[in-house]
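Asker: here's a sequence, model it:
(one chain, ligands or ions: 1)
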Amino acid sequence: MSIRDLLRGLPVFARPLPSFRTAGAPDDPHELFAAWFGEAVAAGVTEPHVMTLSTVDADGLPDSRVLILREADERGWQFATDATSPKGRQLDANPAAALGFYWREQGRQVRVRGTVAALDAATSAGDFLARSPASRAAALASRQSRVLAGPADLERAFTAAERTVEQEPGTLSAEHTVYAVTASTVEFWQGDRDRRHVRLRYRRDGSGWVTELLWP
Ligand SMILES: Cc1cc2nc3c(=O)[nH]c(=O)nc-3n(C[C@H](O)[C@H](O)[C@H](O)COP(=O)(O)O)c2cc1C
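Answerer: Model (predicted):
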């Protein structure tokens, strides 16, 4: 069967979906994100902390990849990565990004756009040390997104990093960095079986937020 035929047979929004009453929405999108995230966890959404991070490279070409959300608080939506990775270098040159969450069990999408900054070294160190030994070893071994000559190089680097973590558990990764997205807009999107999708966008306006409903 062709991809086209398979696509024609795939349903979307074919399950009961929550409603989204925008009239009572909080003034601050961080509050609504916290509420929606809690609802996603309670609804058993698979990996609700997995999001897409989009950045732009030096030629203006967009790039995106999946990351884990590490925190979302007054400092913004946070993720951790290798600062020398392609995304780290892209953010260095152009500190702007978009995040996308899709909680399919609820037909919900959250889109965050804004500026990005690395948080202080203590936050990155704390994030690193809170990880399991296996995760720390992987981060220490990794030369993220560099060309790998072969599996033997990976094995050697992992074995050496595992030994380091075992013998010196306080070892930090100089590259491991927590970044925070300070939102300029946050959109909450609730899918509807009849395609009357409900969209509420928060736009930063001075020290507050303006909310607008959007056509589906
Ligand atoms: C579910 C999932 C979670 C991931 N979480 C992270 C993460 O938190 N940090 C990270 O650097 N890469 C994470 N990755 C790997 C990235 O998608 C990506 O391959 C890597 O960061 C290199 O991206 P870059 O070449 O654009 O810098 C994750 C991948 C998946 C599929």
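
Asker: quick one: residues contacting residue 157.
Answerer: 141, 142, 143 (C-beta atoms under 8 Å, 6 or more residues apart in numbering). C-betas here are computed from N, CA, C, even on glycine.

Asker: got the CA positions of stretch 132-146 in PDB?
Answerer: Provided in PDB are the C-alpha atoms of stretch 132-146 (Å, rounded to 0.1, in the frame of the first residue of the first chain):
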ATOM      1  CA  SER A 132      21.600   9.300  36.800                       C
ATOM      2  CA  PRO A 133      25.200   8.100  36.500                       C
ATOM      3  CA  ALA A 134      24.400   6.600  33.100                       C
ATOM      4  CA  SER A 135      23.000   9.900  31.800                       C
ATOM      5  CA  ARG A 136      26.000  11.800  33.200                       C
ATOM      6  CA  ALA A 137      28.400   9.400  31.500                       C
ATOM      7  CA  ALA A 138      26.600   9.700  28.200                       C
ATOM      8  CA  ALA A 139      26.800  13.500  28.400                       C
ATOM      9  CA  LEU A 140      30.500  13.400  29.300                       C
ATOM     10  CA  ALA A 141      31.200  11.000  26.500                       C
ATOM     11  CA  SER A 142      29.200  12.700  23.800                       C
ATOM     12  CA  ARG A 143      30.400  15.000  21.100                       C
ATOM     13  CA  GLN A 144      26.800  15.600  20.100                       C
ATOM     14  CA  SER A 145      26.200  15.600  16.400                       C
ATOM     15  CA  ARG A 146      29.900  15.300  15.400                       C
END
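
Asker: now do the buried residues in it.
Answerer: 136, 137, 138, 139, 140, 141, 142 (16 or more other C-beta atoms under 10 Å).

Asker: list, one by one, the residues from this protein near the ligand.
Answerer: With the criterion set to C-beta under 6 Å from any ligand atom, the chain comes near the ligand through 50, 63, 65-68, 79-82, 85-87, 144-145.

Asker: quick check, pLDDT for the residue of the chain most remote from its centre.
Answerer: If you look at how far each residue of the chain sits from its centre, by C-alpha atoms, centre = their mean, the farthest one is residue 1, at 34.2 Å. For residue 1, the pLDDT comes out at 88.

Asker: any idea how far it lies from residue 14?
Answerer: According to C-beta to C-beta, to the nearest Å, residue 1 stands 20 Å off from residue 14.

Asker: what pairs with the residue most central in space within the chain across the strands?
Answerer: Nearest to the mean C-alpha position of the chain, by C-alpha atoms, centre = their mean, lies residue 51 at 3.6 Å. Residue 51 has these beta-bridge partners by DSSP bridges: residue 67.
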